[in-house]
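>>> Sequence first, predicted model second:
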Amino acid sequence: MKQRILYVMHISWRWAKQRPHFLAEELSKDYDVIVLYRFSYRRRRLSGNLGGSTISHRLPYFSLPFLNRSMKFQEIDSIFISLQLFLVKYIYRPSIVWLTSPSVYPYIKRLRFANVVYDCMDDFLEFPKIRNVESRRDYFAKQERELCARAMLTIFSSNYLSNKVTCRYGLERQKTVVVNNGIASPTTDIEEGLPGSILSLFEPNGRGKIVYIGTISEWFNFDLIISSLNSVKDIDYILFGPAEVMIPEVSHLAYYGPVAHEYVSAIMNMSDVMIMPFIVNELVRSVDPVKVYEYISSGKPSLIPEYGETLKFKQFVHLYSSSEEYIKKLTEILNGQLALDVAESDRMRFLQEARWSNKRKVIVQEIRKRLKELEET
């Protein structure tokens, strides 16, 4: 009989598909995974991601509307959600609980879970809504410190993040492991399966189609986009994904909104250049971007900001370190003057090694090792 994991997500299952979704699906091959995900009241920002048929149960948990906007009511909301988790724990009796963020730790801290795994995928304290409010930063720093101390295993998505959080809390290295993000098996790239509303954005008009797919938030460099529109002739930007900030209304910049993950391959196939126009701040420096693996799988030219965690992609993408370099390389790519000299066999080898299935094997091995160590103590 498989061990059971209660997999508690801080985002909706129908949010843009990312690391928590992929790992939940992969772990379900070795464990009986019960996914408990946050119900989102902002339905327009959801992508319709309903994949994961190998997962036996996917259940929403509900927060009290508006209460979590104030730290004063954070405790009330935590107790309300804890009661829901207590019921799930009583029914399913998991042997392991998996947390994707320190924001969900208050929900389980009152419950007697012996084996906790923390998948640290971002530097949570660097999100603007946390970093810029001292009371919130102090609160979540305390939660993350307690979570790291309680977890039998903390998994980091990048080396930079691992070093930073380990030093911040003085973690024991033997209880941590770095598991980078990865790539799923390719989905269809056949354009006929796409909605007409997407196909219309790619109708031939003699302009290069510059595409971004992912969450659009404070770190998105709209100044760079607008500057390049003023400098590079005949280009259209098309953005896909949930937006947490206002999208500027400028000519030749189209925003579609969230898109189902099954359409991503086809969208990339129709694009001329894939981009990740991020402002490289402390939050971004910790990110091992899932989208870059997907961009590489498309075989399309990609423009990615240069920082420590993107250097491993330099053989397969075009890196830039300034607005001027971005504009120069974008122009050269579109004019056919800049191409990567990389063997197709090397690209396929990189993608094969980066499969989520390989990430799962590392994680399962680490969990089993930690459980064995705990049994021997």
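Received it, and whenever you're ready, just let me know what you need.
>>> What are the boundaries of the strands in this protein?
For the chain, strands defined by DSSP state E occupy the ranges 4-8, 32-38, 57-61, 96-99, 116-120, 153-156, 176-178, 208-213, 235-240, 253-257, 273-275, 302-305, 318-320.
>>> CSV for those strands, including mean pLDDT and mean neighbour count?
C-betas here are computed from N, CA, C, even on glycine. Formatted as CSV, those follow (pLDDT from 0 to 100; neighbours: other CB atoms under 10 Å):
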stretch, mean pLDDT, mean neighbour count
strand 4-8, 95, 24
strand 32-38, 93, 23
strand 57-61, 90, 16
strand 96-99, 97, 25
strand 116-120, 98, 23
strand 153-156, 98, 23
strand 176-178, 98, 18
strand 208-213, 97, 23
strand 235-240, 97, 21
strand 253-257, 96, 16
strand 273-275, 98, 24
strand 302-305, 98, 24
strand 318-320, 98, 20
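>>> Give the burial count for the nearest residue to Glu332 once chain neighbours are set aside, as a bare number.
Spatial nearest neighbour of Glu332, excluding adjacent residues (CB to CB, 6 or more residues apart in numbering): Leu338 at 3.7 Å. A count of neighbours around Leu338, defined by other CB atoms under 10 Å, yields 14.
>>> for Arg368, same thing?
Neighbours of Arg368 (other CB under 10 Å): 12.
>>> And for Tyr139?
Tyr139, neighbours per other CB under 10 Å, totals 17.
>>> Model confidence for Ile55, exactly?
Among the per-residue scores, Ile55 shows a pLDDT of 82.
>>> Check Leu64 too.
The model's pLDDT for Leu64 equals 78.
>>> residue contacts, it?
73, 76-77, 80 (CB atoms under 8 Å, 6 or more residues apart in numbering).
>>> Same question for Asn221.
Contacts of Asn221 (CB under 8 Å, 6+ apart): 277-279.
>>> from the residues you listed, which single one is nearest Ala149?
Nearest to Ala149 among the contacts of Asn221: Phe278, at 31.6 Å, using CB to CB.
>>> Compute the distance between Leu59 and Ala24, please.
12 Å (CB to CB, to the nearest Å).
>>> follow-up on the earlier one: just the buried ones from the contacts of Asn221?
Among these, the ones that count as buried by 16 or more other CB atoms under 10 Å are 277-278.
>>> re the thing from before, go through the contacts of Leu64 and say which is closest to Tyr160.
Asp77 (31.5 Å).
>>> Leu59 versus that closest one, what's the distance?
In terms of CB to CB, Asp77 sits 18 Å off from Leu59.
>>> Would you mind pulling up the elements that the helix or strand of the chain with the lowest mean pLDDT packs against?
Here the helix or strand of the chain ranked lowest by mean pLDDT, DSSP states H and E is helix 74-92, holding a mean of 87. Applying 3 or more CB pairs under 8 Å, 6 or more residues apart in numbering; DSSP states H and E, we find helix 74-92 packed against strand 4-8, strand 32-38, strand 57-61, helix 105-108.
>>> re the thing from before, quick check, nearest of the contacts of Leu64 to Ser271?
Out of the contacts of Leu64, the member with the shortest distance to Ser271 (by CB to CB) is Asp77, at 40.8 Å.
>>> wait, isn't that closest one in contact with Pro65?
No: with contact defined as CB atoms under 8 Å, Asp77 does not count as touching Pro65 (9.7 Å).
>>> ok so, going back, now tabulate the contacts of Leu64 in JSON lines and tack on neighbour count and distance to Tyr107.
Formatted as JSON lines, the contacts of Leu64 follow (neighbours: other CB atoms under 10 Å; distance: CB to CB, whole Å):
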{"residue": "Phe73", "neighbour count": "13", "distance to Tyr107": "15"}
{"residue": "Ile76", "neighbour count": "13", "distance to Tyr107": "12"}
{"residue": "Asp77", "neighbour count": "20", "distance to Tyr107": "9"}
{"residue": "Phe80", "neighbour count": "16", "distance to Tyr107": "9"}
